[in-house]
Structure formats: structure tokens, C-alpha cells
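K.L.:
what's the 3D shape of this:
(chains A and B)
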Amino acid sequence: MAGNLVNLLADLQDKEVLELVQQRLDAGEDPLKILEDSRKGMEVVGERFAANEYFLPELVFSGDLLKQVTEIVKPHLTEAAETKRIGKVVIGTVSGDIHDIGLNIVDFMLDVNGFEVCNLGVDVPVETFVDKIKETGAPILGLSGFLTPAFEVMKETVEAVEAAGIRDKLKIMIGGGQLDDDIRKYARADAYGKNAMEAVALAKGWVGA
Amino acid sequence: MNNGKKWADLNWEEKREERFKQWLNPPVTFSSPEAEKSYRERVIRFIRAIKLEEPDRVPVMLPAGNIPAYLAGVNLKTVMYDYDELRRAWRKFLHEFDTDTFIGPGLILPGKVLEAIDFKLEKWPGHGLPDDIETYQFVETEYIKADEYDKLIKDPSDFWLRTFLPRAAGACKAFEKLPQLTAFVGIPVFYVAHFADPEIQSAFKTLMDAGNETMKWMAAVRDVGQESLEAGFPALGGGFSGAPFDMIGDMLRGTRGIMMDMFQRPDKLHEAMERLVPIALDEAVAGANNSGCPIVMMPLHKGTGGFMSNKQYETFYWPTFKKLLLGMIKEGLVPMPFAEGNYEPRLEIIRDMPRSSMIWWFEHMDMARAKKILGDNACIAGNVPVTVLCTGKPQEVKEHCRKLIEVCAPGGGYILTGSASMDRGNPDNLRAVMEAVKEYGVYKK
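P.N.:
Reported below is the predicted structural model:
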């Protein structure tokens, strides 16, 4: 039964997933267990995405499905669901850039791989990154940017982190549309990731997971 | 025209020859006999590349985006609002840079017009973006809901006027109140009466004023265009188009919306895309007719390698896009898709087109693979990394050009350009592109 929900979610069988969740709730099962299975299902989605079996449409669809499951389960929760997290990552699209498709894929992939992700959204001012890193103590910063202006702004963002005296304990990865390793050097970031899976691999490497 | 044959009776290659002739003979007086000679040489260079023949040398599309503004000491914001400065900046660029084709400032949208109509689809410097940012940017969201496909499918014009436009431009909000204007009952008072509504009248008044303002901007764009032709630099952008999937995904439903639709209402999505094909085709033909250049630029977005699988591409993206491409080719146009992102997984799919009928411009691409798989079918263009153009040294740019020419030029069918355009940075990097092509890109007779 449990394995069933994991597989159904991973296979994006939306009707069956929602029916089974309802059945399990009706049978009085622990809602936390249902959420845990759903999380495992999403992990499989993430794995398939990494293996080029799934693409953006499947991520979008499974994300929506998970949201529906959570909404059904939520009223039955008596205690807050807490999953163990392997590390914190602050991410955002740099100032002057309003693109977030890639940013949100990275958010998704980090999340299903066990990271606590603080997604600051788009057009994030340099100071907001600095404040958030100080506030959360996150050891990893992910900067996203789609357009050429991001080259300069990434550099400025890294410099601001240096100026704030928090660069030593921080690993910075960059990614997005026009970026490459040349810009990583230019901006003095620690790594460039070509896609969301590389972001996960980098983050895992840094937290030693 | 063509031995007296009617346009409709010409095949696509004959139509294209007619359009090439027009492109070779623009209605201008060249500034000198040398300018006229250079103009023809440049156009022929492109035509031969398109036909997969070896020209005198590899043609270049200089990857210059909004950089003319910065080289003139101003920024994008200034030239979006001050048409004299727009004219001055692009003229300066025209006279200072050697190139095979000159890109006029037609995509530097007039800020006052965008403000006047309260345009929601873009943010630009000083209007949602920092003052000194060098690009304007598209605002993607679900402008139409999933259950509104039927309106688009039933009557795209009506949908555009009464559903989309009121959301895309605040000034057109009142159009929501318009009745269906296709009043086949034929009694005029029914629809004429609605034009008494003060809000509708005010919307039209705003559009009329915005139209006048647009004419001022257009005069500047036209001056620069005219001057560049006279100086011997052909235009390459004969119009704009795109893929039906992107038209719906970018502008109407957003990425999230259209990807949900692929699962939840695939039939509606297909039907809507089909509905757009003839409309987009008319638009592309009109653009090319108006400009006298048959090459139609088509920026592509959501069909890129990382976004969808080949199966999804072949199911949702390619069929209507291909239909539009074939329609354009049949009218003698040369589609030039700019494939953003990584199009490598698509090479085998997109080669299924008439030989030498189009130009594929790639962003991230192993150009050796593109040459191998697509090179005997279509002219390819690209892809000096824009990162190197913006942050590298001229020598590095030159080296990238040299390698690209080595791999892509043999046999013809190659245009040297950037992976994207440069909006800011060292102008010597642009000069390095021309230097490189003259040094390495000459075909031996």
C-alpha cells in the first residue's frame, strides 16, 4: 500500500494518487506517513528528472499534485510535519533580472534532495542576500541569472558578501541562461552549475552529504 | 515578375528569388558607388550562405544588441525615451563599426508609448527595473486562464480585443465592455452605441495619442534604417515571428500554465496552436513585405533541450512550428529561428525540412555536431559565447571565432555571430569578430 503511493505519485497518476490518499485517511492512517510517502514519490520524480526521463512539464505537474495531496492531508495533521534536512541553501535571481524558471527547478531539486531552501525570488537586491545569509546561517548561496546584465551583478553580489565578512564560511554557486565557467571566474564564485542536478551535487558535496 | 508568371504560380524557390532580388535592390540612393557595391556583396554573401554555397567569405551578424547606446555615452533608459539620442547612438555605431548587416534600433521600444498604454508584459529600466539595466524584460504570468482556450479557438481576433488586450495593456481595460464586433445581424446601432461609453472613448483616445507618439519613435528608427542602407549595410531582420507553443506559453498561459495544459487539456492546447498558425504566417509575410528583406527572425524559448523531452517536443512544439516554417518558406521567406538554450537534442528532428530553406541560429550548441547533422540541410549560425564577448579580451573572442570558422565554414552554409547579443562591454570585442572573419573566414577560390 505504502509503496503504491510512492509509485503512483512518481508515475504522475493524479486521480489514483488523490483517491488513495483519501482512502488512507479514511482508514485512519497517520497523515505524517502519507506525507512521507509523497515526499518519497517526489524524490523519484527528481531522480527521473536527473536521468532525463522527466522534464519541466513533469516537475510542474508533480509539484501541483503534491500541493493537492498536502491540502487534503493538512486538516488531519495534529503535529507539524518535520523532515530532517541535510543543509540550508539560500537562492535567488540577482538584482535586475526577473527570470525564475531555472531558479524554481533548482529550488525543487534541492528540496526533494533534502535541503532546506530559502528562495528569495527574482530581482533580489544585494543586501537582501547578505541579510538572509546572516539570518539563516546558510553555508551555501545559489545565484541565478538569465541575461547578460547578471554577469556584472553576480560579481557585485559576491563582492557584497565579501565586504560583509561572511565569504569565508560560504560556498557560492551560480547558474542560469547565459552563464558559464568564465562568469564563475569573473564573479569569483566557487562553482558554476549547468543544471539543477549539478546544483544538487555541488550542495551535497559542500555539506558532506 | 518572373516571365510574367503570377505570384501564386511560382514555386517557393522562385518566390524566394524574387524576394532576394528585392533585397538586392532596396529603394534607396546609395551614398557612393562603393557603398552600392559593398551592399550587393554583403547581401550576396548571405544569400550564398543560405543556399549552402561558398560565398567570398563567411558572413557576419555582429552580435551587437543595445551596446550602441552605451558606446554613445548614454544608456538603454535614455534611448527608450529620447528619440534624438536613439538616432544619434545608432548612427554613431553605424559609422564606427564594420559589419555585414546593420541592426537598427527597431527593438528599442519607446518608453513613453509603453507607459501611455500601461503595458503589462514588459518591465524596463526605470519602470520595474533599475535605471541602469541594459535590457527590458518580459513579465511572464497566466494572462489567460485554462478555461479561456475556447475563446481563443472560437475567434482569435475577438479574443485578442476583448480578453487579452484589456489585460496586456491597462489603457485597453475598457475593451472588456465592448460587444462582439462581428455583428452579422447587420444592424449597426447595436455595436455603435457602445462607443458612447466614456471609458471606451478614453481608451481609444489614449491609443490615438500613443499612436502619434509611436510615429515619432518610428521616424527615428526609419532614419537610421535608411541611412544604413544608403551606406551599404543590408538589413537582415525582415520581420519577427515565433513558434505557436511559445506564443501561448510566453504570452498567454506562462510556463507553468502551458506545462499543466500539456497534461490536463492537450487537445485544447493543440487546437489553439493550430489556430495561430495562419495568423502568425500572415504576420510574418506582412513584416517581410514591408521591410524588403525575406529573413524572418524567430526567437524560440520553451522547446529547448532542458525544458522538454524530444517526445514532448515532437508532440507539442514541432508540429505547428513546422507548419508555420513551411508556410513561410512557401511564401519565399527565409525563417531564421534563434534557438535559445540547448537545441542539441533537437538536431535530428529539425533537419526534416526542405534543403537550404532556412537559417538556424544556435545559442548553446556543439557546432561541430550541428554542422555534421544539420549542415547539409540548413545554414547554421552562432555561437561565440556572449560571456566571452561581454567579459573577455579581444584576443579570446578572435580565438573563438577562428575555431568556429574552422569547424563550420567548410562548404558554406555558415554565418558567424554570437550565442546572444552584447549589450555592454568592450567594443573592441565586436571589432575582433570582424577582424577574425577577415583573417580566417575568406573562402579560397
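K.L.:
count of neighbours near the residue nearest to A:D107 when sequence neighbours are not counted?
P.N.:
Leaving aside its chain neighbours, A:D107 sits nearest to A:N119 (4.8 Å; criterion: CB to CB, 6 or more residues apart in numbering or on different chains). Bear in mind the C-beta positions are built from the backbone N, C-alpha and C, glycine included. Here the count is done by other CB atoms under 10 Å in any protein chain shown, and A:N119 has 21 residues near it.
K.L.:
May I have the phi/psi pair for A:N119?
P.N.:
Torsion angles at A:N119 (phi, psi; degrees, to the nearest 10) stand at phi -100, psi 110.
K.L.:
need the contact list for the most centrally placed residue in chain A.
P.N.:
Closest residue to the average C-alpha location of chain A: A:D107 at 2.0 Å, with CA atoms, centre = their mean. Counting by CB atoms under 8 Å, 6 or more residues apart in numbering or on different chains, A:D107 touches A:91, A:117, A:119.
K.L.:
now A:M109
P.N.:
With CB under 8 Å, 6+ apart, A:M109 has these contacts: A:46, A:49-50, A:196-197, A:199-200.
K.L.:
could you redo the last one with a cut-off of 10 Å?
P.N.:
Listed by CB atoms under 10 Å, 6 or more residues apart in numbering or on different chains, the contact partners of A:M109 are A:45-46, A:49-50, A:59, A:115, A:117, A:195-200, A:203.
K.L.:
And B:K268, by the same measure?
P.N.:
Contacts of B:K268 (CB under 10 Å, 6+ apart): B:146-150, B:152-153, B:261.
K.L.:
Quickly find the element holding it.
P.N.:
Take DSSP states H and E as the rule and B:K268 turns out to sit in helix B:266-291.
K.L.:
which residues sit in contact with B:W23?
P.N.:
B:16, B:39, B:43, B:46-47, B:234-236, B:238, B:288, B:291-295, B:334.
K.L.:
biggest helix in chain A, by residue count?
P.N.:
Identified as the longest helix of chain A according to DSSP state H is helix A:31-50.
K.L.:
Tell me which helix or strand in chain A has the weakest average pLDDT.
P.N.:
When each helix and strand of chain A is scored by mean pLDDT, DSSP states H and E, helix A:2-10 comes last, with a mean of 87.
K.L.:
which parts of the very next helix or strand once past that one are buried?
P.N.:
Proceeding C-terminally, helix A:2-10 gives way to helix A:14-26 as the next helix or strand, assigned by DSSP H and E. Neighbour-count burial for helix A:14-26, counted by 16 or more other CB atoms under 10 Å in any protein chain shown, picks out A:14, A:17, A:20-21, A:24-25.
K.L.:
ok, and which of those residues reach chain B?
P.N.:
A:D14 (CB under 10 Å from any CB of the partner chain).
K.L.:
So which of the buried residues of helix A:14-26 is the closest to B:A370?
P.N.:
Ranked by distance to B:A370 (CB to CB), these are led by A:D14 at 38.3 Å.
K.L.:
My guess is that closest one contacts A:F61. True?
P.N.:
Yes: with contact defined as CB atoms under 10 Å, A:D14 counts as touching A:F61 (7.7 Å).
K.L.:
Between the two, which contacts overlap?
P.N.:
Overlap of the contact sets of A:D14 and A:F61 (by CB under 10 Å, 6+ apart) consists of B:263-264.
K.L.:
what residues go with each domain of chain A?
P.N.:
Listed domain ranges for chain A are A:2-76, A:87-207 (source: automatic domain parsing).
K.L.:
Quickly note the distance from B:V384 to chain A.
P.N.:
To chain A, B:V384 is 12 Å away according to CB to the nearest CB, to the nearest Å.
K.L.:
continuing past the lowest-mean-pLDDT helix or strand in chain B, what's the next helix or strand?
P.N.:
One helix or strand of chain B scores below all others by mean pLDDT, DSSP H and E: helix B:188-192, with a mean of 89. Using DSSP H and E, the next helix or strand after helix B:188-192 towards the C-terminus is helix B:198-230.
K.L.:
Buried residues, that following helix. List them.
P.N.:
B:200, B:203, B:206-207, B:210, B:213-214, B:217, B:220-221, B:223-225, B:227-230.
K.L.:
re the thing from before, separation between the residue nearest to A:D107 and B:C293?
P.N.:
Distance, A:N119 to B:C293, using CB to CB, to the nearest Å: 44 Å.
K.L.:
Show the contacting residues for the closest residue to B:N290 other than its chain neighbours.
P.N.:
Nearest non-adjacent residue to B:N290, counting by CB to CB, 6+ apart: B:G239, 7.4 Å away. The contact partners of B:G239, by CB under 10 Å, 6+ apart, come to B:283-291, B:293-298, B:328, B:333, B:335.
K.L.:
please redo it, this time with the cut-off set to 6 Å
P.N.:
Contacts for B:G239 (CB atoms under 6 Å, 6 or more residues apart in numbering or on different chains) come out as B:284, B:287-288, B:296.
K.L.:
want to throw these into JSON lines with pLDDT?
P.N.:
Output for the contacts of B:G239, formatted as JSON lines (pLDDT from 0 to 100):
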{"residue": "B:A284", "pLDDT": "96"}
{"residue": "B:G287", "pLDDT": "93"}
{"residue": "B:A288", "pLDDT": "93"}
{"residue": "B:V296", "pLDDT": "97"}
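K.L.:
which residues does residue 203 contact?
P.N.:
Picking chain A for this. Contacts for A:A203 were tallied using CB under 6 Å, 6+ apart; they are A:89, A:140.
K.L.:
think we crossed wires, I meant chain B
P.N.:
B:171-172, B:174.
K.L.:
B:A235 now?
P.N.:
Applying CB under 6 Å, 6+ apart, one finds that B:A235 lies in contact with B:C293.
K.L.:
looking at this, it is in a helix?
P.N.:
No: counting by DSSP: H, G, I helix; E, B strand; the rest coil, B:A235 falls outside a helix, being coil.
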